[in-house]
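> requesting a structural model of the entry that follows:
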Amino acid sequence: HRPTHSLYTTPIMAREAMVCASPWTVVWISAMAGMCGAFDDSLVGVAFAETRQMKRALPAPRRDDTTDDPGNTDDIGSVSSTARATSHPSSLGVGGQRRGADFGNSVGERAPTPFPPQIVPTPFVAPGSEMDCSWAVRPDGTTVLFVSSTKDTLQEVRLVMAATPQEVPTWGQPITTAKFPPFNGSRASVPRGAVVVDTTDTPTAVRFAGLVEVYPHGIAAVTARWAPGTETFIWDIPSNFTLVWAGANGGGVRNVAIELVSIASHDSHRPPTTLHDGRSGRLYAAHQSNREPGDRSVPPVQSNVTALYSDDGGTSWVQSQSHVTAPVPPGSECYGAVEPTSVQLPNGTLWLLFRTQTGRLWETSSDDAGTTLLQGRPSPFRSTDSPPLLLRLSHPRWGSAGATMLVWVNCGTSIPLSCIDSKNSVYTIRNLLHAALSTDGGVSWKGYREIYRDPLMAAPHPVHGDTGVAYSYGVELPDGSVILKTGQGVGRWGVVRIDPGWLLETAVRADFSTTASAVGWNDPKALGTTNYVTTCLDFRHFGTPVPNPPRCTEGGVGVTLLPQPEGGTALCLSMNMFGSNTTQSTAAYNFPGAATGRATLMLRVGSAFAGANLSLADHYAPSYDLLADASAVFAVRLQPSTIPSSTWANVTMVWSVAESMCTLWVNQHPVRIIQLQPSGNVEGVVSYLRLTAVRPHSNKGQATADSTGFCVQSIVVVSG
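This is a model prediction of the structure:
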């Protein structure tokens, strides 16, 4: 036997470190304690361990668990003699590995450190305005943005990349390129499409073949031409649009990317479409076929997912005969399957995800390049009635098979949607946008990270109009990063750039110990920090007005950064109930999703501490959802008798979804085995730590002068 070791690095820098190693143990670097085997909040690992300890299989997401029944929150007690504890926190064979992004580096060259999401300012958009846009990449690598500046005018803006990958790009001057005609008094959306080789022109000329949504009448086809030396695309604008598909609400094309689908056996008499980068196949645009507005038939005539495809580069389009549905509650006004997105996986399968009102995305697939689609089924991804985006990444760093990126709203709530219950419901939860990456053809996913947040999530919600961070539309840039526009509502939408390599990181740390180290903890625009916690989300209620509805204050209701007796600060949650029994102090922390890992908090309770709920979930749930912990993967009640008062305690949760088990440790002692909740294992991973202060029984519905319930100095999460 010859021991083999693996080195796992960490983004946390240790000021003082002592490394102790043996072939059979895990070694910890501590910034606070210089002893071998010590375990505190700063331990996120430089680990040497047996390879067989390190290589734990990541279970595939369970696709058969479609229940949303609430579970129970376990109370902490002593561990029974028969209970088998999950590994001690300091014996886990996982470390804080960082995998860098390769922006064109040669094989064997060290990749640069991946950078977090960046907000890209759009100075060419007037303040107080929204932006409808689309993307195109020319053969010379130039990325341009098509943007609608007025109701019928199209502008083109060139993206200017910075000298280094980590710098935020800028923009050239916008140039007006087209004016679209109205269709029966309606405007067209910005075209969605692809740059294809124009075989009828010079070999270097290309054509943009796209579709526009002419709301609410249907879908029309458009084209534009570009050649080297031409400043912008030149659009072929008809005097009036000819619809290639007619139907209510315009078909939902406004958030759909046109996918190039490879065709194994092409049966058309015309050659397949060829993109400017040499790939050939079929242009494919999944869209929705809507039910008519106001249709209250029983059972309802559902909206469904279908598609248009072109085998001649966008000159003509064919309507698919497949129509995929999703269930809607009987008697409701919900519309069913809408706003799909598609991507072709490395094995040739065309995979579609689409929005539903079931609490998660649904999926379908095709093995014949989209001519026919299979019956719809629930996907592993939670989502509250919001459209997703799938992108195929082809940068050389992902190899010949490429990678697949999913952008979606990974949020959920037990409170019904207005289409289900018009008398007591809330607007869909769309305050946080997430991304995940698959490098194995969609078999497994990494990331589940927040990449954009509604900057106004804590502000009063408008009475009318869509808001939030859905409706994403993006493109892979030549350097391997991804840029997308997302969001609806003035002041809420934005353009964000993502390094997909950042989604492969496995360790994060939040430091609330000083005001300087805690910077960005309550700023949704601070995408570059790992300190951010979501503490409050304002909401739009439908039906009978809620008495004294909770409104967000600075830092959220009952969650704030407070000075500590020994100096410094900590994130503190009040034990008070705010409003009329409508919300409790809650903080939600996002981290790299994984089926195994550990989350460690340095926590101190106050004299008013009446308990805390700690839960690990695969999605975000708002603070006003009092049943949110029931839908978590693991949940536990921390009782006052378990935590010593007035001193900092090390509280660690070590989880394994495959083993359906999580162990709670307090000061390195196991105190509770937590079982997987019946409704918790949806995505097969954990990506959120949710902390909730439990109000005292004597404090019913009123805020008192009471102080803090408990404080958190730091959070460290290492995902396996």
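> CA atoms for contacts and neighbours, from now on please.
Fine.
> got any ranges where the stretch 551-700 of the chain has weak pLDDT?
551-556, 576-583, 680-683, 696-700 (pLDDT under 70).
> apologies, that question was intended for the stretch 301-450 of the chain.
301, 422-425.
> cutoff 90 now
Within the stretch 301-450 of the chain, the stretches with pLDDT under 90 are 301-304, 311-315, 321, 327-336, 338-339, 348, 357-359, 369, 384-385, 412-430.
> all strands for it, in order.
Using DSSP state E, counting those that start in this stretch, the strands of the stretch 301-450 of the chain run over 304-310, 318-319, 338-344, 350-355, 360-366, 377-382, 389-393, 403-408, 424-426, 432-438, 446-453.
> what would these look like in TSV with mean neighbour count and distance to residue 508?
Listed next are the strands of the stretch 301-450 of the chain as TSV, based on neighbours: other CA atoms under 10 Å; distance: least, CA to CA, whole Å:
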stretch	mean neighbour count	distance to residue 508
strand 304-310	25	38
strand 318-319	14	47
strand 338-344	28	30
strand 350-355	25	29
strand 360-366	23	27
strand 377-382	21	23
strand 389-393	24	25
strand 403-408	24	21
strand 424-426	18	32
strand 432-438	23	16
strand 446-453	24	11
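> so the most centrally placed residue in the chain bridges to which residues?
Taking CA atoms, centre = their mean, the centroid of the chain lies closest to residue 434, which sits 1.1 Å from it. Residue 434 has these beta-bridge partners by DSSP bridges: residue 408, residue 450.
> kindly report the same for the one 4 residues further on.
On the basis of DSSP bridges, residue 438 is bridged to residue 404.
> what is the end-to-end distance of stretch 348-363?
16 Å (CA to CA, to the nearest Å).
> just the strands in the stretch 551-700 of the chain please.
Going by DSSP E, counting those that start in this stretch, the stretch 551-700 of the chain shows strands at 559-563, 569-574, 577-578, 583-584, 586-594, 596-605, 612-617, 634-638, 649-656, 661-666, 669-675, 686-693.
> I'd like these as CSV, with mean neighbour count and distance to residue 712 appended.
Shown next, in CSV, are the strands of the stretch 551-700 of the chain (neighbours: other CA under 10 Å; distance: least, CA to CA, whole Å):
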stretch, mean neighbour count, distance to residue 712
strand 559-563, 21, 9
strand 569-574, 27, 5
strand 577-578, 24, 19
strand 583-584, 25, 17
strand 586-594, 25, 11
strand 596-605, 25, 5
strand 612-617, 24, 12
strand 634-638, 25, 14
strand 649-656, 25, 10
strand 661-666, 23, 14
strand 669-675, 21, 19
strand 686-693, 26, 10
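> got a markdown table for those, with distance to residue 303 too?
Output for the strands of the stretch 551-700 of the chain, formatted as a markdown table (distance: least, CA to CA, whole Å):
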| stretch | distance to residue 303 |
| --- | --- |
| strand 559-563 | 42 |
| strand 569-574 | 44 |
| strand 577-578 | 40 |
| strand 583-584 | 35 |
| strand 586-594 | 32 |
| strand 596-605 | 38 |
| strand 612-617 | 31 |
| strand 634-638 | 35 |
| strand 649-656 | 39 |
| strand 661-666 | 40 |
| strand 669-675 | 39 |
| strand 686-693 | 32 |
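> wait, which of these is closest to residue 309?
Of all the strands of the stretch 551-700 of the chain, it is strand 586-594 that lies closest to residue 309, at 35.3 Å by CA to CA.
> between the strands of the stretch 551-700 of the chain, which one is nearest to residue 126?
Using CA to CA, the nearest of those to residue 126 is strand 586-594, at 32.7 Å.
> that closest one relative to strand 432-438, how many degrees between them?
10 degrees (axes from the mean of the first three to the mean of the last three CA atoms, to 10 degrees).
> packing partners for strand 586-594?
Secondary-structure packing of strand 586-594 (3 or more CA pairs under 8 Å, 6 or more residues apart in numbering; DSSP states H and E): strand 446-453, strand 507-511, strand 686-693, strand 708-719.
> for residue 615, give its distance to residue 675.
12 Å.
> quickly list what's touching both of those two.
residue 634 (CA atoms under 8 Å, 6 or more residues apart in numbering).
> low pLDDT regions in the stretch 101-250 of the chain?
101-113, 126-133, 138-141, 148-153, 164-165, 178-207, 210-220, 227-230, 236-250.
> and the strands in it, which stretches?
For the stretch 101-250 of the chain, applying DSSP E, counting those that start in this stretch gives strands covering 118-119, 132-137, 143-148, 153-160, 170-171, 175-179, 192-197, 206-214, 218-226, 234-236, 243-246.
> between these, which one is nearest to residue 654?
Using CA to CA, the strands of the stretch 101-250 of the chain put strand 118-119 closest to residue 654, at 31.5 Å.
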